[in-house]
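Engineer: Give me coordinates for this.
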Amino acid sequence: MSLSLSCDGATKVITASGEIDMSNAHLLVELVEFLCRSPLPPIALDLSTVTYLGAPGVDALLRVRELVTSAGGRLTLRKAPPFVLHVLGVAGGPPQPELDNASARSTATAAPVVTRFPLNRGHGGSRRPAPRGSFDGTVPADQPAPSG
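Structural biologist: Next up, the predicted model:
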């Protein structure tokens, strides 16, 4: 992940790019902690070039939201990819950060995704997912899961 900080009027804009995972998610939280000093500016988080959001990244985004709102500030997500909005909706619960218009439009056009994990029934009824090679378990909702 790379982070950059810029200004758009009075708003501080944090742009995150690449993969947000356990090796770097804390850096986003630390940057927001730095910005949450008085006087607290409005903060926008541009996620348009985020390609992966691991569990530590989700936790970091939730912590960022909590830091800004508990300090009495305003957090806006800019250009958040549909997968980020979906994950935050599932993991975060209300209240959600404000969304700019580009993020709101992107959720309306997102294709539904269904995750299916075939069960490995060949080992005494084990409920663990069967090994699938490079298949990650995600298929479009309108296509059947691979057999095998």
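Engineer: Just checking, which helix or strand of this structure averages the lowest pLDDT?
Structural biologist: Across the helices and strands of the chain, mean pLDDT, DSSP states H and E gives its lowest value to strand 113-115, namely a mean of 39.
Engineer: Give the residue spans of this structure that score low on pLDDT.
Structural biologist: 92-97, 99-148 (pLDDT under 70).
Engineer: Walk me through the domains of it.
Structural biologist: Domains of the chain are assigned by automatic domain parsing as 2-110, 112-148.
Engineer: Scan the chain for its longest helix.
Structural biologist: Criterion DSSP state H: the longest helix present in the chain is helix 55-70.
Engineer: contact partners of it?
Structural biologist: Here helix 55-70 makes contact (C-beta atoms under 8 Å, 6 or more residues apart in numbering) with 19-22, 25-26, 28-29, 32-33, 36, 40, 43, 45, 53, 74-75, 84, 87-88, 91-92, 95-97. Yep, even glycine has a C-beta here, placed from its N, CA and C like the rest.
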